[in-house]
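Peer 1: build me a structure from this.
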Amino acid sequence: MARMKYLVLHCTATPEGREVTSEEIRHWHTDPVSKGGRGWKQVGYTDLIHLDGKVERLVANNEDAEVDPWEVTNGAKGYNSVSRHVVYVGGLAKDGKSAKDTRTPAQLKAMTDYVRNFHERFPQIKIVGHCDLAGVKKSCPSFDVGKWLQSIGVYQQ
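Peer 2: Predicted structure coming up:
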């Protein structure tokens, strides 16, 4: 068990408007490499925000500021034991290649509510984008998390 340090925001890196199911994410992450997956023991995210704003729990957790071994997800190498990861469906333009903030109005509302609630309960935990972590060379989650947090009134220490 470790003290949680980060809430990491991600995108599924899928084209704008294409829904993603929890089954797809489980396939991508946990199926053997020989079957097109990554062979991980656990998916990368605790929660998934669908295009319609529905938040789906992918990995159970006890909603405290500790990351128990059974709560660890594989969202960012080197940070998983001290982080919770949440992902929204999208993050790429329709071409499937260019990073783009594709959050729908429903996703924006759901993510805003999720992050505000999380920050109210755990103000000491830093909220970051996947790309904000040291050593990460990705554009995920395809928007500036710090600027967005300020726009929704979430100020971090």
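
Peer 1: so where do the strands sit in the protein?
Peer 2: 2-3, 6-11, 14-15, 47-49, 55-57, 66-67, 83-88, 91-92, 126-129 (DSSP state E).

Peer 1: which residue sits closest to H50, ignoring its sequence neighbours?
Peer 2: Of all residues not flanking H50 in the chain, V89 sits nearest, at 5.6 Å (CB to CB, 6 or more residues apart in numbering). Every residue, glycine included, has its C-beta placed from N, CA and C.

Peer 1: I misspoke; the intended subject was K35.
Peer 2: Excluding its sequence neighbours, the residue lying closest to K35 (CB to CB, 6+ apart) is H27, at 7.9 Å.

Peer 1: so what's that neighbour up against?
Peer 2: When contacts are counted by CB atoms under 8 Å, 6 or more residues apart in numbering, H27 touches K35, G36, G37.

Peer 1: redo those residues as CSV? Include pLDDT, neighbour count and distance to G153.
Peer 2: Converted to CSV, the contacts of H27 look like this (pLDDT from 0 to 100; neighbours: other CB atoms under 10 Å; distance: CB to CB, whole Å):
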residue, pLDDT, neighbour count, distance to G153
K35, 93, 9, 44
G36, 92, 9, 41
G37, 91, 14, 39
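
Peer 1: put together a markdown table for those, with distance to V20 on each row.
Peer 2: A markdown table is the format used below for these (distance: CB to CB, whole Å):
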| residue | distance to V20 |
| --- | --- |
| K35 | 18 |
| G36 | 15 |
| G37 | 15 |
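
Peer 1: from these, which is closest to S98?
Peer 2: Set against S98, the nearest of the contacts of H27 by CB to CB is G36 (23.7 Å).

Peer 1: check contacts around the closest one.
Peer 2: Contacts of G36 (CB under 8 Å, 6+ apart): H27, W28.

Peer 1: again, but for C131
Peer 2: C131 is in contact with K138, S139, C140, P141, counting by CB under 8 Å, 6+ apart.
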